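>>> structure here, sequence nowhere to be found:
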Ligand code: ATP
Ligand code: MG
Ligand code: FE
């Protein structure tokens, strides 16, 4: 079965073709980043209009790259939510119109499920069950994944998502939008320990996280530097040191919470998904992760156990059509007739219940 996947939830138009027997055949992406950079953030109306412009050419490019034609498509998967209403509608209308014209079904896909399953697009695939650390621009969640469609929310950020914290911190350090990846590159040049920021909720007994306070800690540090130097410009090395300290704080919290989630569930496989999954420090720290279960009453503490950690290929970390085509292919049993569609700008992932 050949599934065309359409992603348009935010500022990336992604189109891909996934063959349930042969795997991913093609994927095309257009990012609107440069267009929104001028405004310092995503402008929803511009995003919707641009998706409309890109969908047909990207689909034709994907078909050509795969050596396929419209007639070969068996089903069209599209991101139904969550995301920007207008942007979602652009993809949903295109997917439904195309499917209707071809006489083929549509498969509505949850955007976060796409992110969650994206590590399965790698050559080395994780096996169920696993803990998923979903760290994107809009979400920071730990999920127990027992099977495709069987997800339990274990914990999440009570305020900013990790990616959002990266972007907001980058902005206040004067880096151009979207600054998350740039901040992480500058962190490479920073001296570890030159600044130390708090680790919010590190020792909370649950799997909740919080990242908005960190941004305030960075702001306070920046103001102090400005007062000391009497200039609005932060010296380059100081800025790099702040980037380093910020990244170290976020990564330490994410790693500790992921470790706790593994201990709580008893799973020994961790899957990282979402844009922050591209972060080098997160990859470094989680790559060597082990967990040590607590001692049973009166007994000796068992030795540390190695964790198998999987990251999606870098190109599938941020929004893309491949993950939607793939998730669609996993849900071929839930195909729907094209037409009468709706989008779900707000849609908790945990609402997707196995077999529902
Ligand atoms: P959601 O999927 O929750 O709706 P989104 O689709 O906007 O959000 P993604 O595309 O998965 O999120 O990821 C984008 C986020 O990833 C941005 O916030 C960006 O700053 C962050 N990001 C990308 N690369 C890096 C990096 N190397 N280090 C840290 N953050 C990064
Ligand atoms: Mg994006
Ligand atoms: Fe996303």
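Yep, it's here. Small disclaimer: the values here were computed from a predicted structure and weren't measured. Ligands and ions are numbered 1, 2, ... in the order given.

>>> grab the nearest non-local neighbour of the residue nearest the centre of the chain.
Relative to the mean C-alpha position of the chain, the nearest C-alpha, by Cα atoms, centre = their mean, is the one of residue 274, at 1.7 Å. For residue 274, the nearest residue in space outside its immediate sequence neighbours is residue 136; the separation is 3.2 Å by Cβ to Cβ, 6 or more residues apart in numbering. Placement of C-beta: from N, CA and C, glycine included.

>>> surely the one you found touches residue 160?
No: contact between residue 136 and residue 160 fails when scored by Cβ atoms under 8 Å: they sit 11.9 Å apart.

>>> check which residues of the longest helix seen in the chain are buried.
Using DSSP state H to define each element, the chain has its longest helix at helix 236-265. By neighbour count on 16 or more other Cβ atoms under 10 Å, the buried set for helix 236-265 is 238-251, 253-262, 265.

>>> one more: stretch 153-162?
When neighbours are counted by 16+ other Cβ under 10 Å, the buried residues of stretch 153-162 are found to be 154-157, 160-162.

>>> show me the shaky parts of the chain.
334, 353-356 (pLDDT under 70).

>>> so is the spatially most distant residue from the centre of it in a helix, a strand, or just coil?
Residue farthest from the centre of the chain, counting by Cα atoms, centre = their mean, is residue 298 at 42.0 Å. Taken by DSSP: H, G, I helix; E, B strand; the rest coil, the conformation at residue 298 corresponds to coil.

>>> how near is the closest residue to ligand 3 within the stretch 101-250 of the chain to residue 254?
Nearest to ligand 3 in the stretch 101-250 of the chain, going by Cβ to the ion, is residue 136, at a distance of 4.7 Å. When distance is defined by Cβ to Cβ, to the nearest Å, residue 136 is 12 Å away from residue 254.

>>> contact partners for residue 12?
Contact criterion Cβ atoms under 8 Å, 6 or more residues apart in numbering gives 29-32, 318-320 as the residues in contact with residue 12.

>>> show me what from the protein comes close to ligand 2.
Taking Cβ under 5 Å from the ion as the contact definition, the chain meets ligand 2 at 10-12, 319.

>>> swap the cut-off to 6 Å and go again
For the chain, the residues found near ligand 2 under the criterion Cβ under 6 Å from the ion are 10-12, 137, 318-319.

>>> out of those residues, which are inside strands?
The strands, defined by DSSP state E, take in residue 12 from those.

>>> out of the residues of the chain next to ligand 2, who's the most crowded?
residue 318 (28 neighbours; other Cβ atoms under 10 Å).

>>> shouldn't that residue be in contact with residue 275?
Yes: here residue 318 reaches residue 275: they are 4.4 Å apart, a contact under Cβ under 8 Å.

>>> what's the overlap in contacts for the two?
Residues touching both residue 318 and residue 275 (Cβ under 8 Å, 6+ apart) are residue 136.

>>> and for the residue nearest to residue 274, the neighbour number?
One way to gauge burial is a neighbour count; for residue 136, by other Cβ under 10 Å, it gives 23.

>>> same thing with residue 312?
Applying other Cβ under 10 Å, we find 25 residues neighbouring residue 312.

>>> so where does it fall, helix or strand?
Under the criterion of DSSP states H and E, residue 312 resides outside all helices and strands.

>>> show the contacting residues for it.
118-119, 121-122, 272-273, 277, 323.

>>> common neighbours of residue 136 and residue 254, please.
Common neighbours of residue 136 and residue 254 (criterion: Cβ under 8 Å, 6+ apart): 162, 276.

>>> related to what we said a few turns ago, and the buried residues of stretch 153-162 as CSV, adding distance to residue 132 and secondary structure?
Written out in CSV, the entries for these read as follows (distance: Cβ to Cβ, whole Å; DSSP: H, G, I helix; E, B strand; the rest coil):
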residue, distance to residue 132, secondary structure
154, 9, strand
155, 12, strand
156, 12, strand
157, 15, strand
160, 19, coil
161, 15, coil
162, 14, helix
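
>>> now the closest residue to ligand 2 within the stretch 201-350 of the chain, nearest residue through space, not along the chain?
The shortest separation between the stretch 201-350 of the chain and ligand 2 is 4.7 Å, found at residue 319 (distances taken as Cβ to the ion). Of all residues not flanking residue 319 in the chain, residue 12 sits nearest, at 4.0 Å (Cβ to Cβ, 6+ apart).

>>> okay then, goodbye and thanks.
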